[in-house]
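K.L.:
Output the structure for:
(2 chains)
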Amino acid sequence: MSRTHKPGALSRRSLLQASAGIAGGTLLPQAFTLPAFAVGDHPAIGTYPAGSQGDTVNIAAAVPRTGTYAVQGEDELKGWQLAVEHINNGDPLLKKIAPKVTKGLLGKKVNLLAADSAAKPNQAVQEVQTFINQNKIILMTGSTSSAVAVALNKFAQREKVLYVTGISGSNDTTGKDCVRYGFRQNFYGETAANAIGPVLVKAYGKGKKAAFMTPDYTYGHTVTKSVNDYLTKNGGWTQVTNQVSPLGTQDFSQYLTNIANSGADVIVNVNWGRDAVLSVQQAKQFGLTPKMQMVIPYQIPFLAKEAGPELMEGVYAATDFWWTLEDKYPLAKMFVEAFDKKYGYKPEWGANNAYMSFAIWARMVSNAGSFYPPDVIKEYEKGEKFDSTVGEVYFRKEDHQLVRPVIIVRGKKPSAMKNKEDFWEVLEVVPGLPLMQKPDAFGCNLGDYT
Amino acid sequence: MVNWGNFISQCFNGLVLGALLALISSGLTIIYGTLGVLNLAHGAMFMLGGYAGWVGYTYTGSFVVAVFVGSLFVMIVGVVVERGIIRYFYSRPHEDQLLVTFGLGIVFVEAVRFFFGSLSKAVPPPPIFQGITPLGFMFYPTYRLALLGIVAVALLALYVVLYRTRIGMIVRAGIEDSVMVDSLGIDVYKIFMLVFGIGAMAAGFAGIVNAPVVSIAPDVGEAILVQTFVVVVIGGVGSFPGAILGGLIAGEIISITSMFNPGYAYVMLFVAMTLVLVLRPYGLLGTAGRE
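P.N.:
Residues are numbered from 1 along each chain as shown, chains lettered A, B, ... in the order given. Down below sits the predicted model:
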């Protein structure tokens, strides 16, 4: 046998080195996850108990601070920050939602970490993974895009770390992509459609022609489907065109031209964030509105502020929260005041959703008396009713969706605005349960606790 | 079935979008052609033009002032950046140039976000171009029609500078072979500064004249940068006429595909780019040998 060493052939030494490397590589991750110290009768799971052993517990938000949803992401972040502040100082508002919270949660200070997701699912998952590895976070949040929410849902279930969604309007989030470790506070496509549908049929009549504008991802497609299904079935409306655009579109002229030639009476604009602002402005430039009626089935925080009240006058929208609900709900009043005092403007629904999702989590943890994730999940699943900024609400145990009302608003005439943030008139607060599909209708299967 | 009214309208949309892409791409392509630097901050400069113009508009209420402020400000930024940073990168590898311009782009975008926030800003079109014009086959926003003329004039001005002046001759010679121009005793670095300034100004001008169509936000340049690269590849790197042809082709592809299925608009654009790369690797009007 020749002893010459051929280039490209494996030497025994390098083979050994490589195998040692591979063996070490496969062993190491196990070595890191091995400390399975049980606390009481709770086995270690996810970041439990490592994440809740010190004086402080870390929680994290992967939220868009750049890109199409940056404006809404910043607003959400403010809501989360306010909630954490209220948890840590035992604010009276927070105690109305989570009575057992004292100062901090189970005697520990809560610390919020944040990173910019740019509304991209991969980026959000990577950031949260880093927070889990480095900071042992015990709760994650984030999403202003349902694509991110769905990705984080699956990630939460895999990592066994709780996840409360930020803004997420897709039916899938608590439908086919629901998970045991994920919870959603806000309204979504199906409830939006069933709440605004009757209002539209009443306002515009039966047998109308609708043009849809849909952003090309899970949120857009499910909302468009739910709204179209309702209007077709109950109003005899027809969808004459559905203009699907990629997230981050700047020039809507091609889509608007198609709509101009479609003979539509009503434009149902499902676009969101900056896409919504630009499509609304450009629809006006092309003279489509006010000739055609614009409808916003899933309202966008700051849309009226950015596009201007003139363009929103008479526009119907379904939303999660609007600040003038303070006249109806005491908790809404407390929240709006606290937020306005800290940040100098009236909170939009993204901030309210963010605040509520953390406050509810604090309620569940303090009621459970434990950070052990399955205990906290079971607390959510008890379905107990509690007070919120939109009245009494509860979680549906089958799909982890909050049962909550949907708010129908209409854009005010600029001359009728009482102050510079008085953009919308609340027409109706539609009770939540009748708006929801059956828990298994969208294929939800929550998965395991452990 | 093709609706002809819709078809003509979409061709028109394509023309407006294409003209704008042509203007931005021409700036990018002459910079790359002359300096050999692929300016990844070009999209951010487009955005800066919009914001500088918006500030000008806010203080004076005049659209004309806004256009001047937007263009001049970005030209100055271009010259300063070239003198302060880019010129140290001419002899360095392309990766370094990409990184430094990419970084500059991030700095510009985040600086604007810091000072102006993320909420978008609107610049209304000048009063004479407000409203809608009936074209027979459809109603069209008057300002978009005007934009076609404004961009055409700007491109013509750029053409005159590049093809009818001595400086333009030197710039074009620099695109073909900057070492030769240098050895003929012309201070090629002064020309580089000028070219970078003019290229930046084209982006800034496009940024402010586009502001009444697409309201401005810190990220406004990001998407346009990608399209601009496609235009430059289709038209031919370093070719001014190529940028115009590429821009118009890209605009028409996006618009006409949208008529059938908007979801495929950008797919078709990249298909076209791939076809060009396969059949004419130097672009439609490019020349072999340019880097």
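K.L.:
Reduced to three states, what does A:Gln437 come out as?
P.N.:
coil (DSSP: H, G, I helix; E, B strand; the rest coil).
K.L.:
Now the residue of chain A found nearest chain B. Nearest residue, chain neighbours left out?
P.N.:
Chain B sits closest to A:Gln254 of chain A, with a gap of 3.5 Å, by Cβ to the nearest Cβ. C-beta coordinates here come from the backbone N, C-alpha and C atoms, glycine included. The shortest distance from A:Gln254 to any residue that is not its chain neighbour, by Cβ to Cβ, 6 or more residues apart in numbering or on different chains, is 3.5 Å, and that residue is B:Ser258.
K.L.:
ok so, going back, I'd assumed the residue of chain A closest to chain B was in a helix, is it?
P.N.:
Yes: counting by three-state DSSP, A:Gln254 is located in a helix.
K.L.:
Correct me if wrong: it contacts B:Ile254.
P.N.:
Yes: if you go by Cβ atoms under 8 Å, A:Gln254 and B:Ile254 touch, sitting 6.8 Å apart.
K.L.:
Need the residues touching each of these two.
P.N.:
Contact criterion Cβ atoms under 8 Å, 6 or more residues apart in numbering or on different chains; residues shared by A:Gln254 and B:Ile254: B:Ala265.
K.L.:
Spatially, which residue comes closest to residue 144, not counting chain neighbours?
P.N.:
No chain specified, so I'll use chain A. Taking Cβ to Cβ, 6+ apart, and ignoring the residues beside it in sequence, A:Thr144 has A:Tyr69 as its nearest neighbour in space, at 4.1 Å.
K.L.:
You answered for a different chain; I wanted chain B.
P.N.:
B:Val16 is the one closest to B:Arg144 (Cβ to Cβ, 6+ apart), at 5.1 Å.
K.L.:
Wait, a strand at the one you found?
P.N.:
No: B:Val16: not assigned to a strand; according to three-state DSSP it is helix.
K.L.:
The spatially most central residue of chain A is in what secondary structure piece?
P.N.:
With distances taken as Cα atoms, centre = their mean, A:Ile167 lies nearest the centre of chain A, 2.2 Å away. In this structure, A:Ile167 is located outside every helix and strand according to DSSP states H and E.
K.L.:
In space, what's closest to residue 276 - neighbours in sequence excluded?
P.N.:
Reading this off chain A. Going by Cβ to Cβ, 6+ apart, A:Ala276 has A:Ile300 as its nearest residue, at 4.7 Å.
K.L.:
wrong one, I was asking about chain B
P.N.:
B:Ile234 (5.0 Å).
K.L.:
check contacts around whichever residue of the stretch 151-291 of chain B sits closest to chain A.
P.N.:
Of all residues in the stretch 151-291 of chain B, the one sitting closest to chain A is B:Ser258 (3.5 Å; Cβ to the nearest Cβ). Taking Cβ under 8 Å, 6+ apart, we find B:Ser258 in contact with A:254-255, A:258, B:10, B:13, B:265.
K.L.:
Name the nearest of these relative to B:Gly33.
P.N.:
The closest of those to B:Gly33 turns out to be B:Ala265 (Cβ to Cβ; 28.3 Å).
K.L.:
residues contacting the closest one?
P.N.:
Contacts for B:Ala265 were tallied using Cβ under 8 Å, 6+ apart; they are A:254, B:253-255, B:257-258.
K.L.:
quick one: the strands in chain B?
P.N.:
Under the criterion DSSP state E, chain B contains strands at B:132-134, B:139-141.
K.L.:
Could you list the paired strands of the first one along with their orientation?
P.N.:
Strand B:132-134 has its sheet partners listed here by DSSP bridges as strand B:139-141 (antiparallel).
K.L.:
any residues touching the partner strand, and which ones?
P.N.:
A:260, A:285-287, B:9, B:12, B:131-134, B:213.
K.L.:
try 7 Å
P.N.:
A:285-287, B:12, B:132-133 (Cβ atoms under 7 Å, 6 or more residues apart in numbering or on different chains).
K.L.:
By neighbour count, sort out the buried ones in these.
P.N.:
Burial by neighbour count, judged by 16 or more other Cβ atoms under 10 Å in any protein chain shown, picks out A:285-287, B:12, B:132 from the contacts of strand B:139-141.
K.L.:
Looking at those residues, spot the one nearest A:Trp323.
P.N.:
For A:Trp323, the closest of the buried ones among the contacts of strand B:139-141 turns out to be A:Gln285, at 29.7 Å, with distances computed as Cβ to Cβ.
K.L.:
Excluding sequence neighbours, find me the nearest residue to that closest one.
P.N.:
By the measure of Cβ to Cβ, 6+ apart, the closest residue to A:Gln285 outside its immediate chain neighbours is B:Pro141, 4.2 Å from it.
K.L.:
What is the burial count for that neighbour?
P.N.:
Close neighbours of B:Pro141, defined as other Cβ atoms under 10 Å in any protein chain shown, add up to 24.
K.L.:
Kindly report the same for A:Val125.
P.N.:
That count, for A:Val125 with other Cβ under 10 Å as the rule, works out to 21.
K.L.:
Pull up the gap between it and A:Pro439, please.
P.N.:
A:Val125 sits at a distance of 27 Å from A:Pro439 (criterion: Cβ to Cβ, to the nearest Å).
K.L.:
List, one by one, the residues from chain A near chain B.
P.N.:
A:66-67, A:70-71, A:74, A:216, A:243-246, A:248, A:250-251, A:253-255, A:257-258, A:260-261, A:274, A:277-278, A:281, A:285-287, A:302, A:305-306 (Cβ under 7 Å from any Cβ of the partner chain).
K.L.:
could you list every residue that touches residue 167?
P.N.:
Picking chain A for this. So, once contact is read as Cβ under 7 Å, 6+ apart, A:Ile167 ends up touching A:72, A:76, A:143-144, A:186, A:350, A:353.
K.L.:
Chain B, not that one
P.N.:
For B:Ile167, the contact set (Cβ under 7 Å, 6+ apart) comprises B:Leu194.
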